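In: Sequence and predicted structure are below.
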Amino acid sequence: MTSKPDHRPSGRRAARRGVVTVEFAVVAPIFFMFVLGVIEFTRAMMVESLLTNAAHLGARAGIIDSAQTSDVTTAVTNYLSGAGISGTTISVTPSPPSSAGYGQNVTVTVSVPYSSVSWLPAPE
């Protein structure tokens, strides 16, 4: 009589497989949360850079002699819409920027809510 070979792992090997599964179950959520945190932080830095560039372009549009606030707003909105960012708040000082005297600063401030640019759901 021929017996069929037993292909089950030995007791020690089976126990090791169980330990690996438990270790993965403990470590994987922490690892994935860390990776998502790094991605979200990188996205936040990218959005900050885009907002800075948009404010710079808005200020450049605002220093032209006959510039109006709408010109600045259009320049900023066009730049950010190309990057896929919407829902921004734009403020220009002085308003209209053409009223700024020689040597006076034209300040453009651009802000966006975190929930508009985050890839993860924002807590409310």
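Out: Right, received. Where do you want to start?
In: Quick check: which element contains I90?
Out: strand 89-93 (DSSP states H and E).
In: same question but for V35, I mixed them up
Out: Judged by DSSP H and E, V35 forms part of helix 11-62.
In: now swap in T109 and tell me
Out: Element membership for T109, per DSSP H and E: strand 107-111.
In: Please state the offset of that strand from the chain centre?
Out: Chain-centre distance of strand 107-111: 18 Å, with CA atoms, centre = their mean, to the nearest Å.
In: Direction included, what does that strand pair up with?
Out: Strand pairing for strand 107-111, using DSSP bridges, gives strand 89-93 (antiparallel).
In: ok, back up a step: ok, residues contacting the strand holding T109?
Out: The contact list for strand 107-111 (CB atoms under 8 Å, 6 or more residues apart in numbering) reads 51, 54-56, 58-59, 62, 72, 76, 80, 88-93. (Glycine included, C-beta is placed from N, CA and C.)
In: The same query, at a cut-off of 6 Å, please.
Out: Residues outside strand 107-111 that contact it (CB atoms under 6 Å, 6 or more residues apart in numbering) are 51, 54-55, 58-59, 72, 76, 88-93.
In: again with stretch 59-78
Out: In contact with stretch 59-78 (CB under 6 Å, 6+ apart) are residues A54, L57, G58, I90, V92, S95, P96, P97, S98, V106, V108, V110.
In: got the buried residues for it?
Out: A59, A61, G62, A67, Q68, T69, D71, V72, T73, A75, V76, T77 (16 or more other CB atoms under 10 Å).
In: May I see those residues arranged in CSV, with pLDDT and distance to M33 as well?
Out: Output for the buried residues of stretch 59-78, formatted as CSV (pLDDT from 0 to 100; distance: CB to CB, whole Å):
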residue, pLDDT, distance to M33
A59, 93, 39
A61, 92, 42
G62, 91, 43
A67, 88, 47
Q68, 91, 47
T69, 92, 43
D71, 93, 44
V72, 94, 40
T73, 95, 39
A75, 95, 39
V76, 96, 34
T77, 95, 35
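In: Out of the residues you listed, which is nearest to G84?
Out: Nearest to G84 out of these is T77 (CB to CB; 12.5 Å).
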